[in-house]
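Chemist: curious how this folds, go ahead:
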Amino acid sequence: MARSGRTAKRLAAGPTLLLAAEVSEEIADALMAYDPALRVRSDRFAFGNGVLLHGPVGVTAELAAKAGLPAGTAAAYYADIIETGTRGSRPDHAKWQDAERLVRGLAARLGGTVHGERPAISLNLSASVYTTQALPAEQVISVLQPYTDDTLFPDEDQDVPGAYYLVSEQEPRFLTVFWPPRLSRSVLEPPPLALGDLRDQEPARWELRSKFPAATAGRAIRLLVGEAALALAHRVEGVVIDPYGFPVTRPEDLLPR
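Modeler: Numbers count the residues shown, from 1 in each chain. Just a heads-up that it's a prediction; the model follows:
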């Protein structure tokens, strides 16, 4: 198969980021935020979670037709994974999920769209706060209480020692879950690359979950969850990460439109 045919096949398979114009500087900044240890090669970016991002690919009318891409696509980036299959490595399906999250996160930040043959994974609006500082549940409640409508109280997770939920009598606008530091050792779901050196310090994590899909969550709930997560991060000197694996430093950075 000719090179253009192979490229068209990969663009069609995805996950692929489609852009109406090339945004080299913006995408470089976003990728460095996603993985500070990013490795750049001649035609691709390599990440520490086993994901590769190829591009930019200039999309001609002929290539768009071969790959089934929509009209108006000027540039594209397609993701792939490094398949190792070695014992103790992350399974390929976990790497493909990271690849999709990366592409979807870039699309949200750069005004692009996502194309691919695989069914999209289900992601709700959430924000995770990673830190090495322990904080009692009562103090976490004092930080998050202003962002809820009802009184919060802790409820232990019976299946995971050391984990707990912050619940209320009425359904909260977001549910907070605490995961203890030892879970950071997970091979299947390790801490995000954006944490840099913090990844190796077995950080604890609070996850603020909403019931709204990440792709369609409204501005008000995005700002609320972003503000609450950043308030908690400020209290514990932590880092906020969005559901795609990108760092959040302002409320409006949580799943931007």
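
Chemist: residues in contact with residue 145?
Modeler: 151, 152 (CB atoms under 8 Å, 6 or more residues apart in numbering). Where C-beta positions appear, they are placed from N, C-alpha and C, glycine not excepted.

Chemist: what residue ranges in the stretch 51-200 of the chain score low on pLDDT?
Modeler: Scanning the stretch 51-200 of the chain for pLDDT under 70 picks out 85-88.

Chemist: show me where it has strands.
Modeler: Ranges of strands in the stretch 51-200 of the chain, per DSSP state E, counting those that start in this stretch, are 51-58, 75-81, 113-115, 124-131, 153-156, 164-167, 175-179.

Chemist: and residue 17, which of those is closest to it?
Modeler: Nearest of the strands of the stretch 51-200 of the chain to residue 17, taken as CB to CB: strand 75-81 at 4.5 Å.

Chemist: what lies in contact with that closest one?
Modeler: Defining contact as CB under 8 Å, 6+ apart, one finds that strand 75-81 is touched by 10-11, 13-19, 21-23, 27, 50-59, 69, 92, 95-96, 99-100, 102-103, 106, 115.

Chemist: out of those, which sit inside helices?
Modeler: Residues of the contacts of strand 75-81 located in helices (DSSP state H): 10, 11, 13, 27, 92, 95, 96, 99, 100, 102, 103, 106.

Chemist: ok, so what distance separates the third one from residue 150?
Modeler: For residue 13, the distance to residue 150 equals 46 Å [CB to CB, to the nearest Å].

Chemist: over to the fifth one?
Modeler: Residue 92 sits 43 Å away from residue 150, going by CB to CB.

Chemist: do the fourth one as well
Modeler: Here residue 27 is placed at a distance of 42 Å from residue 150 (CB to CB).

Chemist: which of the two has more residues huddled nearby?
Modeler: Legend: neighbour count by other CB atoms under 10 Å for residue 27 and residue 150, higher for residue 27 (22 against 13).
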